[in-house]
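Engineer: after the sequence you'll find the predicted model.
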Amino acid sequence: MSFPDAVRTCLSKYATFEGRARRSEFWWWIVFQMIVVAIPFLLGAMMLALAAPSGGQDPNTAMVALATILYVIGGILSLALIVPTYAVGCRRLHDRGQSGWLQLLVLVPCGNIALIVLWALEGSTVDNAYGPVPA
């Protein structure tokens, strides 16, 4: 699955926790999410760096306001993309024949490492309890 196809699929299945997702769909979605969320935060950090006082001057309040707006946009984007991220993570675990509830491993110390390994492993090549093999 290509990058645009994966993004389109994940957005169309925004809160669909049933079914299966191939590795390419999952990992392209993660790349998309990281880029979309990182851009406003990086731009905000650059604005704050430019607004920093030099030589005892007051910070540029317009730049600080712009940075604040960019941080708020980044936060809103993070919240908007959290549901499809958990949904595709659940579908990815289903592809391996495992429950989507395994994503709760992120609450356990070092559980995220185990979860990343599970997401990275090859999916089942036959139909399983969660549906047919994805195209």
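Structural biologist: Good, I have the coordinates. Residues are numbered from 1 along each chain as shown.
Engineer: can you list the weak-confidence ranges in this structure?
Structural biologist: 54-57 (pLDDT under 70).
Engineer: quick one: the helices in it?
Structural biologist: 3-12, 23-51, 61-95, 111-120 (DSSP state H).
Engineer: which among those helices is found nearest to Val126?
Structural biologist: Closest to Val126 of the helices of the chain is helix 61-95 (C-beta to C-beta; 11.2 Å). Just so you know, the C-beta spots here come from the backbone N, C-alpha and C atoms, and that holds for glycine as well.
Engineer: which residues touch Leu121?
Structural biologist: Leu121 makes contacts with Arg96, as judged by C-beta atoms under 8 Å, 6 or more residues apart in numbering.
Engineer: let's see it at 10 Å
Structural biologist: Shown in contact with Leu121 (C-beta atoms under 10 Å, 6 or more residues apart in numbering): 23, 92, 95-96, 98.
Engineer: counting neighbours, which of those residues comes out on top?
Structural biologist: Arg92 (27 neighbours; other C-beta atoms under 10 Å).
Engineer: the closest residue to it other than its chain neighbours and Ala38, how far apart?
Structural biologist: Nearest residue to Arg92 in three dimensions, chain neighbours excluded: Phe26, at 4.2 Å (C-beta to C-beta, 6 or more residues apart in numbering). Remark: distance between Phe26 and Ala38 (C-beta to C-beta, to the nearest Å) = 18 Å.
Engineer: which of these two has more residues huddled nearby?
Structural biologist: Between Phe26 and Ala38, counted using other C-beta under 10 Å, Phe26 has the larger neighbour count: 23 against 12.
Engineer: mind checking how far that one is from Ala87?
Structural biologist: Phe26 is 10 Å from Ala87, by C-beta to C-beta.
Engineer: again, but for Asp127
Structural biologist: Taking C-beta to C-beta, one finds Asp127 at 21 Å from Ala87.
Engineer: now swap in Pro53 and tell me
Structural biologist: Distance of Pro53 to Ala87, computed by C-beta to C-beta: 45 Å.
Engineer: overlap in contacts of Phe26 and Ala87?
Structural biologist: In contact with both Phe26 and Ala87: Cys10, using C-beta under 10 Å, 6+ apart.
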